[in-house]
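1. no letters, just coordinates:
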């Protein structure tokens, strides 16, 4: 049986870039993410804010191989990178901050995170 490639050009390009960056920087986290994204879309993660809140600490960088949904509450400012965000989840993460208002939550695409942190250090995968 012939293996089919991804039809979404963004995902196809992202997988190729992740593999290349993993080789160049000896960063196994990007190879792992590429393998997760090669699977069918029905296997992508759908992570709620409550799960991110439960498994992260303040100012962590979280990577979600799928979509972030808005169920639950997020109480800590974190940086979240994902394939997609629901509108409400994006708003909740962006407005979340510490008491002094110095740190704010941040939402970004996986491409932006790879560009910002090619070594993948300090990144937690939540699926």
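-> That came through fine. Everything quoted here is computed from the prediction, not taken from an experiment.

2. surely residue 30 touches residue 22?
-> Yes. Assessed by CB atoms under 8 Å, residue 30 is found in contact with residue 22 at 3.9 Å. Yep, even glycine has a C-beta here, placed from its N, CA and C like the rest.

3. more crowded one of these two?
-> Using other CB atoms under 10 Å as the criterion, residue 30 and residue 22 rank with residue 30 on top: 27 against 20.

4. against residue 124, how distant is that one?
-> As defined by CB to CB, to the nearest Å, residue 30 lies at a distance of 14 Å from residue 124.

5. where do the strands sit along the protein?
-> For the chain, the strands defined by DSSP state E cover 45-48, 61-69, 79-85, 106-109, 123-125.

6. name the residues that touch stretch 63-70?
-> Residues outside stretch 63-70 that contact it (CB atoms under 8 Å, 6 or more residues apart in numbering) are 29, 33, 36-37, 44-49, 52, 80-86, 88-90, 92-93, 107, 110, 113, 123-127.

7. related to what we said a few turns ago, okay if I get the strands of the chain as TSV plus mean neighbour count and mean pLDDT?
-> Output for the strands of the chain, formatted as TSV (neighbours: other CB atoms under 10 Å; pLDDT from 0 to 100):
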stretch	mean neighbour count	mean pLDDT
strand 45-48	18	96
strand 61-69	21	96
strand 79-85	22	96
strand 106-109	16	95
strand 123-125	16	95
